[in-house]
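# fold the following, please.
(one chain, ligands or ions: 1)
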Amino acid sequence: MSANIAEMESRRAAAKMGGGQRRIDAQHAKGKLTARERLEVLLDEGSFEEMDLYVEHDCVDFGMQDQKIPGDGVVTGSGTINGRLVYVFSQDFTVFGGSLSARHAQKICKVMDAAMKVGAPVIGLNDSGGARIQEGVASLGGYADVFQRNVMASGVVPQLSLIMGPCAGGAVYSPAMTDFIFMVKDSSYMFVTGPEVVKTVTNEIVTQEELGGAITHSSKTSVSDLALENDIEALLAARDFIDFLPSSNRDDAPERPCADAWDRMEPSLDTIIPPNANQPYDMHEVIRKTLDEGEFFEVQPMHAGNILCGFGRIEGKTVGVVANQPMVLAGVLDINSSKKAARFVRFCDAFNIPILTFVDVPGFLPGTDQEHNGIIKHGAKLLFAYAEATVPKITVITRKAYGGAYDVMSSKHLRGDLNYAWPTAEIAVMGAKGAVEIIFRGQDVDGIAAKTKEYEDRFANPFVAASRGYIDEVIYPHSTRRRIALGLRKLRNKALENPWKKHDNIPL
Ligand code: HXC
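Below you'll find the model as predicted:
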């Protein structure tokens with residue numbers, strides 16, 4: 001018996017060395033942790049249970065039959081994060097560069113299937129040279145098997161990808177189909193074709209970092225939701241993040257004990273709106289002062305800063321927050337902000353997370369750039385997302401809610417459950433000056449000024465909308481948290497279903 005155990009132990013120990021000490025040292029020299037070290041940081045201590053430790057590839061080309069490493073370049077299994085079950089895979093760059101063989105893919109598919117069966121999130125730690133070149137088409141088949149599962153899991157269990165090394169070619173499409181992507185600065189990159197191919201095809205000279213590094217994807221492309229400084233930061237962020245999410249679309253988000261009084265008054269919000277309507281203020285402050293303990297986990301903070309998206313809690317329960325940000329482009333809706341918020345709203349709706357919307361929006365951004373790049377189609381995404389969402393929706397208009405953007409931002413007309421306005425709200429078809437210049441075209445400056453004043457007095461307030469029932473109540477800003485907490489309590493058992501359909505046809 002003890003000989004058998006010794007055999008098992010020596011096999012385990014060999015497998016855990018991955019590609020060997022030299023390659024582990026090389027990984028460390030790049031400032032990266034190994035696949036197993038990463039799982040130790042990600043998961044609760046001692047909670048990781050590995051599967052498929054002994055799986056090997058079956059390739060017999062290019063001398064591969066003599067090069068077998070147990071595990072085949074990916075560590076898979078399950079563990080817990082703050083006590084909640086998650087399934088994980090962690091690609092091991094020390095084994096054939098973390099490249100994906102058919103068996104490597106089969107291991108990833110196995111954890112995804114297991115996660116789907118029990119309803120638990122899948123977290124993928126990506127660090128791979130792409131398709132296992134020696135295997136050719138078998139590897140491509142493996143990728144497609146993973147892709148298919150990413151799609152089936154979408155909206156069923158949360159999927160989070162951490163990019164912690166190379167992720168290139170078709171390999172990018174698995175993370176791209178997961179819900180959120182975190183990238184590590186300087187050591188991770190994602191692109192469909194790398195700098196060499198780009199140079200050959202387009203003559204452009206570009207570095208890996210510029211083409212597809214963490215900053216590029218977190219600011220320009222929005223492929224990534226967050227750029228973290230190093231492996232540890234990324235893994236700890238993933239732990240915090242998962243805490244906000246339900247395990248599946250059949251579960252509620254986890255509840256956390258909350259020391260912050262549900263009815264905490266916040267008098268500073270009564271004066272946060274500047275006297276001049278064109279003066280900005282930081283919507284982060286409104287969000288933080290409303291949420292439990294001021295905690296707001298923002299996603300895509302570097303992309304489309306004119307809209308803020310992220311998670312927080314009210315009375316210990318997760319809410320998704322969407323908010324126009326007057327500090328950036330006056331909080332206008334444009335292509336990027338519409339796409340960013342639409343995807344976020346759809347995630348929240350898929351996973352039963354109530355949506356809290358703070359509105360201060362002067363409208364859609366004018367210009368040929370926006371029009372020619374399809375603001376009609378992209379703006380429609382956000383409208384569509386809010387309109388189809390059946391989760392509790394609470395809206396607070398702090399200042400401007402102009403034009404079509406008023407409708408879009410979770411208005412009553414899109415089945416907003418509770419629509420509040422601060423007394424500073426201005427709900428109108430457009431700003432007073434613009435409106436007057438159109439309807440009183442040709443009037444002199446004094447005439448325009450007088451009419452603008454008249455228009456402001458008539459429309460730059462929440463009461464016209466409230467008189468029609470478009471606003472449920474005009475509330476004291478200091479009572480915002482209390483009103484939202486009460487609203488969410490009321491809406492806990494909200495039941496609303498959309499008509500049966502195979503799926504909708506959101507403007508993509
Ligand atoms: C097999 C691979 C590999 C791969 C790396 N290795 N990529 N083995 N298949 N795709 C091995 C190397 O041979 C090496 O083995 C070890 O991993 C580390 O690689 P290095 O090149 O020494 O590391 P580094 O200098 O850090 O460069 C990393 C890299 C480079 C940039 C990822 O390895 C590289 O360019 N690899 C090829 C990338 C690629 O073209 N992949 C296929 C893309 S097509 P030893 O034994 O020396 O340690 C694709 C299609 C997917 O992915 C389609 C899905 C639909």
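
# mind naming the longest strand for this structure?
strand 393-402 (DSSP state E).

# pLDDT score for the nearest residue in space to residue 67 that is not next to it in sequence?
Once flanking residues are discounted, residue 67 sits nearest to residue 96: 7.9 Å by C-beta to C-beta, 6 or more residues apart in numbering. In short, each C-beta sits where N, CA and C put it, glycine included. At residue 96, the model reports a pLDDT of 94.

# if I read this right, residue 166 contacts residue 100, doesn't it?
No - between residue 166 and residue 100 there is no contact under C-beta atoms under 8 Å: 11.7 Å.

# just to revisit the earlier point, any idea of the mean pLDDT in the longest strand of the chain?
97.

# give me the packing partners of the following helix or strand past that strand, helices and strands only.
Toward the C-terminus, strand 393-402 is succeeded by helix 403-408 as the next helix or strand (DSSP states H and E). Other helices and strands packing on helix 403-408, by 3 or more C-beta pairs under 8 Å, 6 or more residues apart in numbering; DSSP states H and E, are strand 355-361, helix 375-388.

# the ligand: which of these is closest?
helix 375-388 (26.4 Å; C-beta to the nearest ligand atom).

# hmm, who's touching the closest one?
By C-beta atoms under 8 Å, 6 or more residues apart in numbering, the surrounding residues in contact with helix 375-388 are 333-335, 338-339, 341-343, 345-346, 349, 355, 357, 364-365, 393, 404, 407-410, 414-415, 498, 504, 506-508.

# and what of stretch 187-194?
Contacts for stretch 187-194 (C-beta under 8 Å, 6+ apart): 30-32, 126-127, 163-170, 172, 175, 183, 201, 208-209, 211-214, 217, 223-224, 230-231.

# state the pLDDT value of residue 1.
68.

# export the helices and strands packed on helix 403-408 to a markdown table and append columns for mean neighbour count and mean pLDDT.
A markdown table is the format used below for the helices and strands packed on helix 403-408 (neighbours: other C-beta atoms under 10 Å; pLDDT from 0 to 100):
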| stretch | mean neighbour count | mean pLDDT |
| --- | --- | --- |
| strand 355-361 | 27 | 98 |
| helix 375-388 | 20 | 98 |
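
# in which helix or strand does residue 78 reside?
Residue-wise, residue 78 maps onto strand 74-81 under DSSP H and E.

# that strand packs against which elements?
Applying 3+ C-beta pairs under 8 Å, 6+ apart, one finds that strand 74-81 makes contact with helix 35-42, strand 49-51, strand 84-91, helix 102-118, helix 231-242.

# before we move on, back to that, pull up the pairing partners for the longest strand of the chain, direction included.
Paired neighbours of strand 393-402 in the sheet (DSSP bridges): strand 355-361 (parallel), strand 418-421 (parallel), strand 426-428 (parallel).

# let me have the ones you listed in a markdown table, adding distance to the ligand as columns.
Formatted as a markdown table, the strands paired with strand 393-402 follow (distance: least, C-beta to the nearest ligand atom, whole Å):
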| stretch | distance to the ligand |
| --- | --- |
| strand 355-361 | 34 |
| strand 418-421 | 45 |
| strand 426-428 | 49 |
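
# possible to save those strands as JSON lines with distance to residue 55?
What follows is the strands paired with strand 393-402, written out as JSON lines (distance: least, C-beta to C-beta, whole Å):
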{"stretch": "strand 355-361", "distance to residue 55": "42"}
{"stretch": "strand 418-421", "distance to residue 55": "52"}
{"stretch": "strand 426-428", "distance to residue 55": "60"}
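
# now the spatially most central residue of the chain, nearest residue through space, not along the chain?
Computing the C-alpha centroid of the chain and ranking residues by C-alpha atoms, centre = their mean puts residue 180 first, at 4.6 Å. Sequence neighbours aside, residue 225 is the residue nearest to residue 180 in space, at 4.7 Å (criterion: C-beta to C-beta, 6+ apart).

# hmm, back to that, which members of the contacts of helix 375-388 are classed as buried?
Among these, those classed as buried by neighbour count (16 or more other C-beta atoms under 10 Å) are 333-335, 338-339, 341-343, 345-346, 349, 355, 357, 364-365, 393, 408-410, 414.

# which of these fall in helices?
Among the buried ones among the contacts of helix 375-388, the ones falling in helices (DSSP state H) are 335, 338-339, 341-343, 345-346, 349, 408.
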